[in-house]
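[1] let's see this in three dimensions:
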Amino acid sequence: MKKWIVYIVATVMMGFAVIPPTYAHEYKEDCHQHHHKTEAKQALIDELGLTEEEFNKYQEEGHTLREVIIKAGKTPEEIKQSLKKKHEESLQKKVDEEWMTEKKKQAILQKFDENFEKHLDHKRTSYKKED
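    Next comes the predicted model:
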């Protein structure tokens with residue numbers, strides 16, 4: 001009987017030890033993705049020479065990224081190449097410091113191209129509350 005009680009207590013304690021780090025990892029991943037989205041948005045705003053308020057206003061008005069880029073007096077290709085160059089420099093530092101492989105860097109840059117093209121003509125949907 002004593003062995004069963006020890007076994008049950010040990011099992012429950014292992015659950016407490018394993019479950020919180022699992023949730024912490026999921027939380028960390030969400031924060032990490034949010035951080036990169038925020039950084040990418042700010043880099044885009046800086047590249048366009050707009051304020052965050054101006055950029056958000058264009059989005060709220062329903063303009064696509066392509067339209068916002070043109071309103072800022074740039075071309076989508078100029079913006080894409082400039083942002084990609086900065087991103088590549090940042091990734092190269094990680095490769096040089098052995099935090100990332102060259103293969104991973106190339107995969108990220110390929111994904112950058114795909115995502116940039118995908119978002120160019122995407123219209124943001126509004127999630128405002130109705131009065």
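[2] residue 63: what secondary structure?
    coil (DSSP: H, G, I helix; E, B strand; the rest coil).
[3] in the helix or strand where residue 119 lies, what's buried?
    Applying DSSP states H and E as the criterion places residue 119 in helix 102-120. By neighbour count, and taking 16 or more other C-beta atoms under 10 Å as the criterion, the buried residues in helix 102-120 are 105, 112, 116, 120. Where C-beta positions appear, they are placed from N, C-alpha and C, glycine not excepted.
[4] helices and strands around that helix, which ones?
    Packing contacts for helix 102-120, counted by 3 or more C-beta pairs under 8 Å, 6 or more residues apart in numbering; DSSP states H and E, involve helix 65-71, helix 76-96.
[5] buried deepest among those helices, which one?
    helix 65-71 (a mean of 18; mean count of other C-beta atoms under 10 Å).
[6] wait, residue 112 touches residue 84, no?
    Yes. Applying C-beta atoms under 8 Å as the test, residue 112 and residue 84 come out as touching, 5.8 Å apart.
[7] what residue ranges in this structure score low on pLDDT?
    Low-confidence segments of the chain, defined by pLDDT under 70: 1-37, 124-131.
[8] repeat the analysis, applying 90 as the threshold.
    Within the chain, the segments meeting pLDDT under 90 span 1-41, 59, 113-131.
[9] now do the buried residues in the helix or strand hosting residue 59.
    When secondary structure is defined using DSSP H and E, the element that contains residue 59 is helix 52-60. Of the residues in helix 52-60, those buried by neighbour count under the rule 16+ other C-beta under 10 Å are 55, 58.
[10] how far away is the closest residue to residue 108 other than its chain neighbours from residue 101?
    Of all residues beyond its chain neighbours, the one nearest residue 108 is residue 91 (6.1 Å), with distances taken as C-beta to C-beta, 6 or more residues apart in numbering. In this structure, residue 91 lies at 11 Å from residue 101, with C-beta to C-beta, to the nearest Å as the measure.
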